[in-house]
Each structure stands twice: as structure tokens, then as C-alpha cells.
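Participant: just a sequence and a predicted model for now, questions to come.
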Amino acid sequence: MAMPLAKSFAILRISQQLKYLSYPFSSIVSKNADTKVTHTGQKFDENDARLARFIDKEKYVNPHFAIDLINSIPPKVVKERVVSCDGGGGALGHPKVYINLDKDGPKACGYCGLRFVLDHHH
């Protein structure tokens, strides 16, 4: 007696889904272990069980850390002792903050990290 076609496809699908059970779990996890370090310094050991979520997909770590992108923008030179920063304003900005520039050196906005420096040549 022949097996119905739908049943044979179901068995084939189940066997494909269970193919990882024939391998030891540690070899699956260590095979996909990624050595990239995140912006917080997080790096998984190759035997860490949390790597199981990356078995069927690649772990993506953005190489462009926000702190490096912000530091690539030079400080804005201003003539006022107190400046305001709203992060671009509108819906894309942040609440307006005022930054005191009395002390020497650049001062950063606490929200977006943009830096301001007082121009002493006025």
C-alpha cells in the first residue's frame, strides 16, 4: 500500500527540522560562535548557551558605534557662555537643554553628545 503524498511530505519536513538533533549541541553553538565585540564590550564565550539563538542566523554587530560617530563631529565653536541644544528640533530632536561653557574645553550635550566650545576671541 502506497503512502499518501501529503503524509510523505510531512515526514520529510519533520526529518529536515530535526537534523540538528543528530549533532551535539555544543558543536552547533561553537560552530557559529562570533568573536566580534559590541559597543558595550560584550563578547560571548564559544561555550555560552546564549549563542543558541544564533544557530540558524548570523549574529550582526554594527561596527559603527554611536560614540565614535559623535566624536567624529568637531565641537561647535560659539560666542555665548550658555548655549542650548535641542538635538535638531521637532520630533527628531530631544528636550532642549542649556549648557554652561564657563569652564575651559568642550562640553557635551547629555542627550545627543554634540560638543560645544566657547570662542574666547570676541
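Facilitator: Arrived safely, thanks for sending. In this text the structure is predicted, and so the values were computed from the model without any measurement. Numbering: from 1, shown residues only.
Participant: list the contacts for Cys109?
Facilitator: Cys85, Gly87, Val97, Ile99, Arg115, Phe116 (C-beta atoms under 8 Å, 6 or more residues apart in numbering). C-betas here are computed from N, CA, C, even on glycine.
Participant: so how far is Val83 from Gly105?
Facilitator: 14 Å (C-beta to C-beta, to the nearest Å).
Participant: who has more neighbours, the two?
Facilitator: Taking Gly105 and Val83 together and counting by other C-beta atoms under 10 Å, Val83 has the greater number of neighbours (19 against 9).
Participant: confirm for me that that one is in contact with Ile99.
Facilitator: Yes: Val83 is within contact range of Ile99, at 5.3 Å (criterion: C-beta atoms under 8 Å).
Participant: what do the two both touch?
Facilitator: Joint contacts of Val83 and Ile99 (C-beta under 8 Å, 6+ apart) are Phe116.
Participant: lowest average confidence, helix or strand, in this protein?
Facilitator: helix 25-31 (a mean of 48; mean pLDDT, DSSP states H and E).
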